[in-house]
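**Q** 3D, please:
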Amino acid sequence: MVRTLIFTLIILRVSMPVFSQPAKPTKQQLAWHEDEYYWFLHFGPNTFTGKEWGDGKEKSEVFNPTGLDTDQWCRIAKAAGSAGMIITAKHHDGFCLWPSAYSSHTVRESKWKNGKGDVLADLKKSCEKYGLKFGVYVSPWDRNHPKYGTPEYNDVFDNTLREIILNYGPVWELWWDGANGEGPNGKKQEYDFARFEKTVRALSPNTIIFSDIGPDIRWIGNEAGIAGETNWNRLDTAGYKRGQGAPPPDTLRCGNAFGKHWMPGEADVSIRPGWFYRSSEDDRVKTAETLFDLYLKSVGRGANLLLNIPPDPRGLIHEKDSAAVMGFAALRASFKNNLASTAHVQLFHDDITLRVPTLADGNPETSVRIPESGVIVNMYWDSPVEINAICLRENLAFGQACAGFEVELWDEHAKVIQTLKGTTIGRKRILTFPEARVSYVRLKIMEQFGATIMGEIEAYKLLHLPPE
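**A** Below is the predicted model:
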């Protein structure tokens, strides 16, 4: 009896760290993990020229949306389940979607609203109206600015960041593209990223900064929206740079098990073949089913999903894009019915059996510590349930530890239906399988670095399964 009580305390008292991890998230990163899925908005002169990368020589007046409505963007995004919006405030062409004091290639020089418009101000207001987070993509590369390629340009870019944060903040996520090409003077820029980061931290300490090597979140290594089946939230960045000189794609996709920095992956992908709107791609919009499959391969592998939905020349989300994301939302709605809520959960270690209902209470912060590999968690129902997905969650406040796991599905006759194996869990690991009538789900942590702090085990009957 004494041994059982001691073991209970060891398992359930997870309010204090009891093991050492190479890196753990900040409170800002923890909040970002829960954002899960949000929108990218590629919008600018390329929307009207049909280019992917503008050369900076296009005239400012080419930007002239006829019916721009940021409320429409946010209304659809909110209904589709997006947590926020990240807009290309300045792409490589140097065109600014706000009347910047540090550029002459902006909405101020365009025909839109007779030069009186401000896309960032409009979007910020709409995000607040619909309860969405507001983020910006600001390309360091500027193919228009005459000072690009000189030391003075670092002053320009630093002031640009200050202008955005002070006039449109708070900025939830700041996106730095690693592209670095020649400017109007034929020279490449030596970016002072240490200075830029210091500026952002001073003015907006809660802003999450994205790039190949963070400092807060990393690129997942591809533009297909797919994270690695092994996906660590840590990364070593010593010796690497943004853009050319970044870690290899395989490293970005999977992270480093003992990486020095907590740097989770963000998986970006466009709903269309290109990043900016083209009418020729109206019939090539990804289907709701394809988007759901990408969700399973990004969020379902512990990353966040950044889905690009480019406004069209009207300044609206196109009808086909809207239909696809709403269909995607309908498929994700099956995650609202967690069948584990009616299950019983027990933990087995040596000859000890403990009830651990917190693993199926819908709250990943009420956690259970798995003290060593080989410990079994058993979830069972009074009557069999029909399911085709299991979702595992670690409590990331304590870091990430699981390096190998095994899930067995049992029927009511104590026969194993299927065995599912994986490596990392992280914030969320979604496992899908052909629909089965299940009485028991048995989880065994096979390998871990430190103790795994399990936050939740969930069970679902999804409306759509990815192809075999």
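
**Q** can you give me the strands in the stretch 351-468 of the chain?
**A** Along the stretch 351-468 of the chain, the segments classed as strands by DSSP state E, counting those that start in this stretch run 352-355, 368-370, 376-394, 402-410, 416-422, 429-448, 452-460.

**Q** compile those strands into a markdown table and extend it with columns for distance to residue 89 and mean neighbour count.
**A** C-beta coordinates here come from the backbone N, C-alpha and C atoms, glycine included. Formatted as a markdown table, those follow (distance: least, Cβ to Cβ, whole Å; neighbours: other Cβ atoms under 10 Å):
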| stretch | distance to residue 89 | mean neighbour count |
| --- | --- | --- |
| strand 352-355 | 52 | 13 |
| strand 368-370 | 44 | 23 |
| strand 376-394 | 34 | 19 |
| strand 402-410 | 38 | 20 |
| strand 416-422 | 38 | 14 |
| strand 429-448 | 33 | 18 |
| strand 452-460 | 36 | 25 |
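
**Q** where does the stretch 151-300 of the chain have low pLDDT?
**A** For the stretch 151-300 of the chain, no stretch is flagged by pLDDT under 70.

**Q** what ranges does it have for its strands?
**A** Using DSSP E, counting those that start in this stretch, strands in the stretch 151-300 of the chain cover 173-175, 208-211, 217-219, 234-235, 261-262, 265-270.

**Q** distance from the fourth one to the middle of the chain?
**A** Going back to what we said before, that points to strand 234-235. 15 Å (Cα atoms, centre = their mean, to the nearest Å).

**Q** strand partners (parallel or antiparallel) of that strand?
**A** strand 261-262 (antiparallel) (DSSP bridges).

**Q** swap in the longest one?
**A** Taking DSSP bridges as the criterion, strand 265-270 forms sheet pairs with strand 217-219 (parallel), strand 304-308 (parallel).

**Q** packing partners of the longest helix anywhere in the chain?
**A** Using DSSP state H, we find that the single longest helix of the chain is helix 151-168. Helices and strands touching helix 151-168, by 3 or more Cβ pairs under 8 Å, 6 or more residues apart in numbering; DSSP states H and E, are helix 119-130, strand 133-138, helix 193-203.

**Q** in the first one, what's buried?
**A** Put plainly, it is helix 119-130. Neighbour-count burial for helix 119-130, with 16 or more other Cβ atoms under 10 Å as criterion, is recorded at 119-120, 122-127, 130.

**Q** how many neighbours does the nearest residue to residue 293 once chain neighbours are set aside have?
**A** The shortest distance from residue 293 to any non-neighbouring residue, by Cβ to Cβ, 6 or more residues apart in numbering, is to residue 466 (4.4 Å). Counted with other Cβ atoms under 10 Å, residues neighbouring residue 466 total 15.

**Q** how about residue 466, phi and psi?
**A** Here is the backbone geometry of residue 466 (degrees, to the nearest 10): phi -70, psi 160.

**Q** which residues touch it?
**A** Residues near residue 466 by Cβ atoms under 8 Å, 6 or more residues apart in numbering: 292-293, 296-297, 432.

**Q** mind doing that once more with 7 Å?
**A** 293, 296, 432 (Cβ atoms under 7 Å, 6 or more residues apart in numbering).

**Q** for residue 260, state which of those is nearest.
**A** Distances from residue 260 to the contacts of residue 466, taken as Cβ to Cβ, are shortest for residue 296 (29.7 Å).

**Q** can you report how many residues lie near the nearest residue to residue 311 once chain neighbours are set aside?
**A** Once flanking residues are discounted, residue 311 sits nearest to residue 43: 4.8 Å by Cβ to Cβ, 6+ apart. By the measure other Cβ under 10 Å, the count of residues near residue 43 is 26.
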